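Participant: Predicted model follows, preceded by the sequence.
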Amino acid sequence: MREVRRRVVQLFILHLSFCILCACQPAPEDGPKKTPRTWSAAHGAQRTLHYFTWSDYVGPELIESFEEQSGVKVVVDTFSSNEELLAKLQSGATGYDVVVPSDFMVAIMIGQGLLAELDIAKIPNAELIADNLQHLAFDPTHRYSVPYLWGTVGIGYDSTVFPTPPDSWSVLWDPRYKGKISMLNDQREVFGATLRSMGQSLNARDPSVIEQAKDRLIRQKPLVKIYTSDHYDQLLASGEVVLAHGWGGPVARAMQERPSIKFIVPKEGGTVWSDCLVVLKTSSQKDLAMRFINYLLDSSVAAKASERLLFAAANQEARGLVPARIRDNPAIYPPDALFPRLEWMTDVGDAIRVYDRAWTELKMY
Amino acid sequence: MNSVTSVPSLEGRASDGGAGGYPAWLLGPGLAWTTLFFFLPLALVLVISFAARGTYGGVVWRFGLMNYLDLLHPLYFRIFGQSMLFAGLTTAVCLVLGFPLAYYMARTSPKWQGIWLLLVMIPFWTNFLVRTYAWMFILRAEGLLNTLLMQAGVVETPVEILYSNTAVIIGLVYGYLPFMVLPLFVAVERLDPRLIDAAWDLYASPWSVFRRVILPLTKPGVIAGCILVLIPTLGAFITPDLLGGARTMMIGNLIQHEYLVVRDWPLGSAISFVLMLVVVGAMAAFFRAERRLRQNEVRP
Amino acid sequence: MIRRRAWLRRASVGSLVFLYLPVAVLIAFSFNASRLSASWQGFTLKWYGVLVGDRALLGATWNSLFIALVSTAIATGLGLGVALGIERLPLRRQQVVEGAILLPLVIPEVMMGVALMLLFVMVKWPLGLWTIILGHATFNIPVVVVIIRARLRKLDQRLEEAAYDLGATVWQALQRVTLPLLRPAILGAALMAFTISFDDFIVTFFTAGPGSTTLPLKVYSMIKSGVSPEINALSAILVLLSMGLIALALGMQREAATRN
């Protein structure tokens, strides 16, 4: 063992001495000396609000105008799935003030005691929320959350490839489109779509049903080019995939680049979701957080967010303020006719372990 | 440097042990730091790997072997097997690509040697994400490779390389090739060229010159290179994630998945520990192989 | 003999092309006017303009610099202490300590990331700039130790002995003799540590918290949202930066050589 250790040491000396060989002497102190500014900016006189949101929810100009009118610095960090958000919060990332979980995750976070109660008097704009989002089951009275942006999950497809539009989730299992399909990298959504295609609820808790869904997904995997929640808009626009399981917004963005892209919610039904603004219990500046939430919910600000991010604003007035091409795009604002086949995702309790396990198995397969 | 003066000042004379040394307690702070921020966390991983998970994540302090029993599922063996296969393949390709390069560098004129070394070093100093991204840019269906191939009329429809195992291997080889070349270079440079000339003079074939003179004498470099490539590729995370399209999982991705997606810290910890055992085992195997080869050398 | 050389040369040039072409192509296309296509559609600098105006990117760069500077200072100080102190131990214990100090180099980085994350969670230490700094300092200590020890071994011990013979205290010998001799190694080690910290993604990924997004984390999230000319431009800047660093290093080395 000593021999081994001696050798390891030698090897690394060997290797690292090369790293210095080419760079023996420059002084890193030559770097900018102003660095502590970052430090003081994070802890100094100016107030800072930490906003933790979806990676495709960042509209810099929206944040900047809040900073201008309030004199507060907003630091934005991003996540790309609800699970990632929960994991980050559980791993002690306690410095965030305002975060944006989806419906079912709000329920979990309430249950976990992560959320602060909202002072609704400080968020007058909450009254402008559209009726259909006003009394959602997970938080009917806005005690902890207010809806911000909402929409559906469906399939984005290229209409030049599909002269007759696909109308069923089963198209994602069609071997003719092998290597041309992208799926969300999101366990509940991927299982949700599969469960609906089996005629089950998105929120199935029966382990045997979840197992069946997993088997279907394992069968589908060879056809899938990529699991991504981040850039299927680009894949659709460039033609690298012709079918994308996804949220309406990015599909709408792909339409701007390639007009032949269309969006449907399959006949078996799909998810309706709403991302909500919440304040963390650990936030040290709850008043400021409420003010920020109220700002984001302002009709004209929400309209701008809707136009920029291509998701539906929960604010009823904002809907009237966005350009017609956005309001009338079914990928962005779900038409009323769709509602009967939409389902909200809920917290599935202990069954989450079955989902976790099945998702891991699918990814490993 | 500032940090140097921060070493606590020393009173008194050199201790009795004689000249040429500094008090051993100077290593105290560094050792304490490493214990606190390296060994303690590792011990924590070990402890947690025997605990249970809560429904929504976190750790429940109920101890047992269940996480390790979970790992007996064939799928986990597959991931480990696949990762080792990827790492082994990457190491092999790096060796095949790196040896001629290292040999040529070591035998070229000193003036050129500096330039070649620099050229091999620069990628090492370049951000790993950037280098991985470069391949995404080249390999994607609308990327450079396909644009060129289609313009040249070689293919009709784009070749699908990105988001495949091939792409992952290409990315890994690209990322770790300098790690192979540098130790090989040192080894070849130390090799006495007269030994090779002697072999030629004795009419050895090129292959036997390589196999019987060059390879045995550069073995330490080969082993160093292989280990330097093998270990980071076994735990690779970025390359499979970006070039594999989240379809291909290697151990590194599995660990990240357990911690940050399904929030099963105990299981993630168990996987981490098995990975560490595999890495240590691989190193031990390498050294043993080397020693055995060296013993064989002694015999005629 | 000559034929053999030609073959080797071709293979070597081939490998170099493999190492350089992808990055070169990336840089070239950062000047391409087209947003999505990989065919050349005219020269532009607009993607660089977009980067300059990106405040988040600027903030991430500051974070990275701050983390790299502080963690380098810590690692260099502690690593130097270890390198100097370890020589004094009895051989057996020296090997054990050295093994312990160097172990972080051989452990897969993912593992170190999750282990640190667990530690910070368990002691309820909020993740952020400082947890990243602690992590980076930890994996940089062995780097510093290895580089400085390599140099220490080559030092002429008689110089130190001479200092002691002339009545110098340990402190004086360190300050007047050993440190000046170690200077290139210390600077080299610091530069190495700085670069590793500045480029680190994995440990940072697991130990980052609110407002501590670093440049590599930012680049990663940009890459996740797809190929874009802005990333090409950013890549070009990062590549040129590291080349500049090396050029600086070589220049100083040459200067030192001519002075001697």
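Facilitator: Nice, I can see it. Residues are numbered from 1 along each chain as shown, chains lettered A, B, ... in the order given.
Participant: Output the below-cut-off pLDDT ranges for chain B.
Facilitator: Scanning chain B for pLDDT under 70 picks out B:1-20, B:293-294, B:296-300.
Participant: Tell me where it has strands.
Facilitator: B:52-53, B:59-60 (DSSP state E).
Participant: Throw those strands into a markdown table and include distance to chain A and mean neighbour count, thanks.
Facilitator: Every residue, glycine included, has its C-beta placed from N, CA and C. Output for the strands of chain B, formatted as a markdown table (distance: least, CB to the nearest CB, whole Å; neighbours: other CB atoms under 10 Å in any protein chain shown):
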| stretch | distance to chain A | mean neighbour count |
| --- | --- | --- |
| strand B:52-53 | 8 | 20 |
| strand B:59-60 | 10 | 16 |
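Participant: Look up phi and psi at the residue of the stretch 51-200 of chain A at minimum distance from chain C.
Facilitator: Closest approach between the stretch 51-200 of chain A and chain C, counting by CB to the nearest CB: residue A:95, at 3.3 Å. When quoted as degrees, to the nearest 10, the phi and psi of residue A:95 stand at phi -80, psi 0.
Participant: And the one 3 residues further on, by the same measure?
Facilitator: The phi/psi pair for residue A:98 (degrees, to the nearest 10) reads phi -110, psi 130.
Participant: In contact with the nearest residue to residue C:110 once chain neighbours are set aside, which residues?
Facilitator: The spatial neighbour of residue C:110 that comes closest, neighbours along the chain excluded (CB to CB, 6 or more residues apart in numbering or on different chains), is residue B:252 at 4.4 Å. By CB atoms under 8 Å, 6 or more residues apart in numbering or on different chains, the contact set of residue B:252 is B:83, B:234-237, B:240, C:108, C:110.
Participant: What about those, which one has the most neighbours?
Facilitator: Tallying neighbours with other CB atoms under 10 Å in any protein chain shown puts residue C:110 at the head of the contacts of residue B:252, with 29 neighbours.
Participant: That one and residue A:264: what is the separation?
Facilitator: 40 Å (CB to CB, to the nearest Å).
Participant: The chain: helices as residue ranges?
Facilitator: No chain specified, so I'll use chain A. For chain A, the helices defined by DSSP state H occupy A:2-21, A:36-43, A:60-70, A:82-90, A:103-111, A:187-197, A:207-220, A:232-238, A:248-257, A:286-297, A:299-309, A:316-321, A:324-327, A:352-364.
Participant: hmm, I had chain C in mind actually
Facilitator: C:2-29, C:46-52, C:55-86, C:91-106, C:109-122, C:129-154, C:157-165, C:170-173, C:179-199, C:202-207, C:215-224, C:229-259.
Participant: Redo these as TSV? Include mean pLDDT.
Facilitator: Output for the helices of chain C, formatted as TSV (pLDDT from 0 to 100):
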stretch	mean pLDDT
helix C:2-29	86
helix C:46-52	90
helix C:55-86	94
helix C:91-106	88
helix C:109-122	93
helix C:129-154	92
helix C:157-165	84
helix C:170-173	85
helix C:179-199	86
helix C:202-207	94
helix C:215-224	91
helix C:229-259	75
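Participant: Can you check which of those gets nearest to residue A:329?
Facilitator: Residue A:329 lies closest, by CB to CB, to one member of the helices of chain C: helix C:215-224, at 25.1 Å.
Participant: re earlier: out of the strands of chain B, which is closest to chain C?
Facilitator: That would be strand B:59-60 among these, by CB to the nearest CB, at 8.5 Å.
Participant: Apart from its chain neighbours, what residue comes closest to residue C:41?
Facilitator: Among residues not flanking residue C:41 along the chain, residue C:34 sits closest, at 4.0 Å (CB to CB, 6+ apart).
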